[in-house]
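J.: show me the folded form of this:
(one chain, ligands or ions: 1)
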Amino acid sequence: MSTTISPEEQHEKVRTVVFATAQAAAEALAREVRVIIEEKNAAGQAAVLGLATGSTPVPFYRELIRMHREEGLSFQNVVTFNLDEYYGLTREHRESYFRFMKEQLFDHIDIPAENVNLPDGTVPLDGVFDHCAAYEQRIADAGGVDLQILGIGRTGHIGFNEPGSSRDSLTRLVPLDRVTRQDAAADFLGEENVPRFAITMGVGTILRARRLVLMAWGENKAEIVARAVEGPETEAVSASFLQGHGSARFFLDRAASSGLTRVKLPWLVGRAQWTPPETRRAVCWLALRDRKPILKLVDEEYNENGMGELLTRAGGGYELNIEIFNRQQRTITGWPGGKPGTEDDSRPERPSPHPKTCVVFSPEPQDDVMGMGGTIERLVLQGHTVHVVHMTSGDLRVNDGEALRFARVLQETSELDPARWAEADRYAGGVIEEIAAKGPFGDPPRRLRDLKSLIRRGEARDAAASLGVPASRVHFLDLPFYAEGRYRQFRAGAKDAARVGALLDRLQPHQVYMTGDLADPSSVQGVAFTAFRQAWNEREKAVWRSHCRVWLYRGHQKEFQPHEIQMAIPMSPDQLAKKLAAMQRYQSHNLPDLLSGDRNRETARLYDQLGMAEYEAIEAFRSWQA
Ligand code: GLP
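T.: From the prediction side, this is the model:
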């Protein structure tokens, strides 16, 4: 491994490797693990691996399983120590890390049960201290960890070392941060079910490993990764302590690397290419940083910020300002489906055909409205045929209380005419019993999941109707990956792509709106996007595809930055209010942070700051090239 740091990596305080995809990174890491196992075994020793849970290591575990099955890699002589476990969960609990590890790795390889170590979440409080000390001792007795695998939480935690954990901390019981509990809410079907405490290896325990690799995928991790890699070593971001370890590395996919200086601001590290998108990014960055409209930037500011060459190429600051101002300005349009009858080809979307058939894919119900509710309404008002396609049922986000409410209404309805409604009454009674029997943490039985899907369908139709899309144009694909999977463990299969493709062939759209391109590859949005991409790629020769344009929007994820936006749809206060009302229709689950419209207001504020007109709110889109 080379340790030379190139000039473009000068801001990075820990070795950081960017891979094309999470899969490529996972494969590289698995190959490294194989070498460790083989070398240790050749020396007559057991290889000691430190393991992590969460969605991040899943592709890595799948690759280890593949190596075991296809290449005969044996784990007979491997000892593992997991980072952490929720406090209060039994090993059988569906969200316990013990069960996760069994399902994701241990059950599929030949590791002896006695070689597997995880903290025990069920030790009584007065035994926790001794249990943690014994865990440390077991690691030491095994000879220490050869390679520790890590993910990173949005608070910057490794294991469950939340902000405030000291560099020397050891295995202990810790309270979980609010953000961490919110991120786990979907796994536990509601934040109120997420345990408040966990037992975790300490930062000090983790740093004792001989080698460490922290993996991160998806743009939601980009910001915290950048802080951990380029920021100061601080207790506020426990992953930053990896900087002080001589053999720690970050393995990232492109999306997770997008906050690093070399990727985000390459001109500051002498790596600028000055392509048109990069030029726009640099100018917008300078204007926003200095709180100046684009048209007021002056030559000195460009020269002082690594953009002298750009200035020379453009012929001066004035020319550059006008060029970028116009480019940004032209992204704004009130005609997402194209303005009929205009010849102006600088508009984001073509005028013809008119009207268009538009397909809005929503990975989980609510992504559509959240990301582009205002635009959906406009498309409808401008005469386009808009279909909303919910790719998954979203039932895993509906809490039991909602299902209980519906079952009770059904029971009470049956009391009105018991003879005729006997079957419905039995059904409702069965659902109520199932909810009671499984308790807050049990696996939801099929019938309960089906009822929750119906609840979401009703909400989805309601939300669409409030934006002018009739129920006949609201589709439910129920992609199998969702029905068969769990949060943090979803995986696209050929059946998913086939279902998406069949719908595209039937509707033959002129416009597709999609999200999830830069999401964590095992999130619902990430998997849904993979299925879409596959369906799209398989239809290279379809006539409809040659007339179809794909626009990306952002649902759950980080909103586009102004320089990335290729179509900006402004909204009046009334239009924004209508969108927010549509989002409220998703009563069984809504994301409070997103219900305020702040994201759309923020985009409008940034446009205003760059010197464009001042709108109430803006929805943002990028065009996608397969
Ligand atoms: C949990 C785990 C961490 C993990 C983090 C991120 O908090 N204790 O070890 O890194 O989640 O999870 P994910 O990989 O699903 O993003």
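J.: list of residues touching whichever strand or helix holds residue 213?
T.: Element membership of residue 213 [criterion: DSSP states H and E] is strand 211-216. The contact list for strand 211-216 (CB atoms under 8 Å, 6 or more residues apart in numbering) reads 22, 25-26, 29, 32, 56-57, 60, 146-152, 158, 206, 225, 228, 239, 242, 245, 247-253, 256. Every C-beta, even on glycine, is put in place using the N, C-alpha and C of the backbone.
J.: what residues of the lowest-mean-pLDDT helix or strand in the chain count as buried?
T.: Within the chain, confidence by mean pLDDT, DSSP states H and E is lowest for helix 178-183 among all helices and strands, at a mean of 88. Buried residues in helix 178-183, counting neighbours by 16 or more other CB atoms under 10 Å, are found at 180, 181, 183.
J.: tell me if I'm right that residue 184 and residue 194 touch.
T.: Yes - in this structure residue 184 lies within contact range of residue 194 using CB atoms under 8 Å: 4.7 Å.
J.: spit out the residues that contact those two alike.
T.: With CB under 8 Å, 6+ apart, residue 184 and residue 194 have common neighbours residue 176.
J.: the ligand: which of the buried residues of helix 178-183 is nearest?
T.: Nearest to the ligand among these is residue 180, at 5.4 Å by CB to the nearest ligand atom.
J.: count the residues that sit near the nearest residue to the closest one once chain neighbours are set aside.
T.: Of all residues not flanking residue 180 in the chain, residue 153 sits nearest, at 5.4 Å (CB to CB, 6 or more residues apart in numbering). By other CB atoms under 10 Å, the residues close to residue 153 number 23.
J.: can you check the one 4 residues further on too?
T.: Using other CB under 10 Å as the criterion, residue 157 is surrounded by 26 other residues.
J.: number the chain from 46, please
T.: That works, and once the first residue is 46, the last one we named lands at residue 202.
J.: which helix or strand contains it?
T.: Assigned by DSSP H and E, residue 202 belongs to no helix or strand.
J.: and the protein, what are its domains?
T.: 62-307, 310-374, 402-443+488-669 (automatic domain parsing).
J.: so which of these is nearest the ligand?
T.: Set against the ligand and scored by CB to the nearest ligand atom, these come closest in domain 62-307, at 2.6 Å.
J.: now that closest one: how far from the chain's centre is it?
T.: Here the centre of domain 62-307 is set off from its chain's centre by 19 Å, with CA atoms, centre = their mean, to the nearest Å.
J.: distance between the ends of that domain?
T.: 12 Å (CA to CA, to the nearest Å).
J.: quick one: is it near the ligand?
T.: Yes - applying CB under 6 Å from any ligand atom, one finds domain 62-307 touching the ligand at 97-101, 128-129, 196-198, 204-205, 225.
J.: of those - the most surrounded one?
T.: When neighbours are counted by other CB under 10 Å, residue 204 leads the residues of domain 62-307 next to the ligand with 30 neighbours.
J.: secondary structure class for that residue?
T.: coil (DSSP: H, G, I helix; E, B strand; the rest coil).
J.: ok, it - contacts?
T.: Per CB under 8 Å, 6+ apart, neighbours of residue 204: 97, 128, 129, 195, 245, 246, 247, 251.
J.: residue 214 too?
T.: Neighbouring residues of residue 214 by CB under 8 Å, 6+ apart: 206, 247, 248, 249, 250.
J.: just give the closest residue to it, not the sequence neighbours.
T.: That would be residue 247: by CB to CB, 6+ apart, it lies 3.3 Å from residue 214.
J.: check what pLDDT that neighbour gets.
T.: Residue 247 is assigned 98 on the pLDDT scale.
J.: low pLDDT regions in the stretch 46-195 of the chain?
T.: 46-50 (pLDDT under 70).
J.: try 50 this time
T.: Judged by pLDDT under 50, the stretch 46-195 of the chain has its weakly predicted residues at 46-47.
J.: over to the chain?
T.: Looking along the chain with the criterion set at pLDDT under 50, you get 46-47.
J.: correct me, but residue 383 touches residue 395?
T.: Yes - applying CB under 8 Å, one finds residue 383 in contact with residue 395, separated by 5.0 Å.
J.: so the two - more neighbours on which side?
T.: Shown here are residue 383 and residue 395; by other CB under 10 Å, residue 383 has more neighbours (23 against 17).
J.: return the residues in contact with the more buried one.
T.: Contacts of residue 383 (CB under 8 Å, 6+ apart): 392, 394, 395, 396, 397, 399, 401.
J.: quick revisit: nearest to residue 55, of the domains of the chain?
T.: domain 310-374 (5.9 Å; CB to CB).
J.: any idea how far that closest one is from the chain center?
T.: 31 Å.
J.: same question, stretch 652-660
T.: With CA atoms, centre = their mean, you get 29 Å for stretch 652-660.
J.: neighbouring contacts of that stretch?
T.: For stretch 652-660, using CB under 8 Å, 6+ apart, the contacting residues are 329, 332-333, 336, 338-341, 370, 373-374, 377, 607, 613, 615-617, 649, 663.
J.: which PyMOL command selects the buried ones in those?
T.: Buried residues among those (16+ other CB under 10 Å), as a PyMOL selection:
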select buried, resi 329+332+333+339+370+373+374+377+607+613+615+616+649+663
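J.: tell me which entries of the contacts of stretch 652-660 lie within strands.
T.: Secondary structure assignment by DSSP state E places 613, 615, 616, 663 of these in strands.
J.: was I right about the third one contacting residue 648?
T.: Read that as residue 616. No - counting by CB under 8 Å, residue 616 stays clear of residue 648, with 10.0 Å between them.
J.: mind listing the shared neighbours of the two?
T.: With CB under 8 Å, 6+ apart, residue 616 and residue 648 have common neighbours 662, 663, 664.
J.: related to what we said a few turns ago, any chance of TSV for the residues of domain 62-307 next to the ligand, columns secondary structure and distance to residue 387?
T.: Below are the residues of domain 62-307 next to the ligand laid out as TSV (DSSP: H, G, I helix; E, B strand; the rest coil; distance: CB to CB, whole Å):
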residue	secondary structure	distance to residue 387
97	coil	54
98	coil	54
99	coil	49
100	coil	45
101	coil	47
128	coil	58
129	strand	58
196	coil	49
197	coil	48
198	coil	49
204	coil	57
205	coil	56
225	helix	50
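J.: between the residues you listed, which is nearest residue 318?
T.: Closest to residue 318, out of all of these and judged by CB to CB, is residue 197, at 29.0 Å.
J.: which residues touch the closest one?
T.: 101, 203, 259, 261, 266, 269, 270, 273, 284 are the contacts of residue 197 under CB under 8 Å, 6+ apart.
J.: what about the closest residue in space to the third one that isn't next to it in sequence, how many neighbours?
T.: In other words, residue 259. Spatial nearest neighbour of residue 259, excluding adjacent residues (CB to CB, 6+ apart): residue 195 at 4.1 Å. Residues lying near residue 195 (other CB under 10 Å) number 26.
J.: I figured residue 195 was touching residue 105, is that so?
T.: No - with contact defined as CB under 8 Å, residue 195 does not reach residue 105; the gap is 11.2 Å.
J.: show me the contact partners of stretch 606-621.
T.: By CB under 8 Å, 6+ apart, stretch 606-621 touches 322, 325-326, 328-330, 333, 373, 376-379, 381, 393-394, 417, 419-420, 422-423, 596, 624, 642, 645-646, 648-649, 651-652, 655, 658, 660-668.
J.: buried among those residues? Make that a ChimeraX selection.
T.: This is the ChimeraX syntax for the buried subset of the contacts of stretch 606-621, where burial follows 16+ other CB under 10 Å:
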select :325,326,328,329,330,333,373,376,377,378,381,393,394,417,419,420,422,423,596,624,642,645,646,648,649,651,652,655,660,661,662,663,664,665,666,667
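J.: filter the contacts of stretch 606-621 down to just the ones in helices.
T.: 322, 325-326, 328-330, 333, 373, 417, 419-420, 422-423, 624, 645-646, 648-649, 651-652 (DSSP state H).
J.: can you list contacts of whichever strand or helix holds residue 125?
T.: In this assignment (DSSP H and E), residue 125 forms part of strand 123-127. With contact meaning CB under 8 Å, 6+ apart, strand 123-127 is reached by 82, 91-98, 142, 146, 156, 160-164, 180, 183-184, 187, 190, 246.
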